[in-house]
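Q: sequence-free structure coming up:
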């Protein structure tokens, strides 16, 4: 799949919609993360985090829509992998602007802590101490 910078915008929207749909269907996709850059050759390269889903599950969903290949990055090699992907000359030219037009990221969602609400608490359990007043 080779994309131009203009086509990359539409691909980002489609990918974001797909991941949002998957996250609504299954909580396992909420920890999924994706960080991609559009290369000068029109190919997408980057890193995907799959903490709670398998590589086969990822490929089953994404390979239906787009050509995808996964390569395991050793734990100590992540920095070198990312540096190779975003090195000068490897990222698509976007003129004078920065890389925002040719990068795409979906961060993992964190579970929100459940806080007890003052509205749902019984009235007798709420006590407000009087405030001192100075004259």
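A: Nice, I can see it. The model shown is predicted, which means the values in this text are computed figures rather than measured ones.
Q: for the chain, what spans make up the helices?
A: 5-25, 55-62, 78-85 (DSSP state H).
Q: between those, which one is nearest to residue 110?
A: helix 5-25 (12.4 Å; C-beta to C-beta). C-beta coordinates here come from the backbone N, C-alpha and C atoms, glycine included.
Q: Only the buried residues of the closest one, if you could.
A: For helix 5-25, burial by neighbour count (16 or more other C-beta atoms under 10 Å) applies to 8, 11-12, 15, 18-19, 22-23.
Q: Next, format the residues you listed as TSV and append distance to residue 52 and pLDDT.
A: Formatted as TSV, the buried residues of helix 5-25 follow (distance: C-beta to C-beta, whole Å; pLDDT from 0 to 100):
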residue	distance to residue 52	pLDDT
8	28	91
11	25	94
12	23	94
15	19	95
18	17	96
19	14	96
22	12	96
23	12	95
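Q: Which stretches in the protein count as strands?
A: 33-38, 44-49, 103-106 (DSSP state E).
Q: just for this structure, where's the confidence low?
A: 95-100, 111-135 (pLDDT under 70).
Q: Find the residue closest to the residue most central in space within it in space, skipping its chain neighbours.
A: Nearest residue to the geometric centre of the chain (C-alpha atoms, centre = their mean): residue 106, 1.4 Å. With C-beta to C-beta, 6 or more residues apart in numbering as the criterion, residue 106 has its nearest non-adjacent residue at 4.4 Å, and that residue is residue 34.
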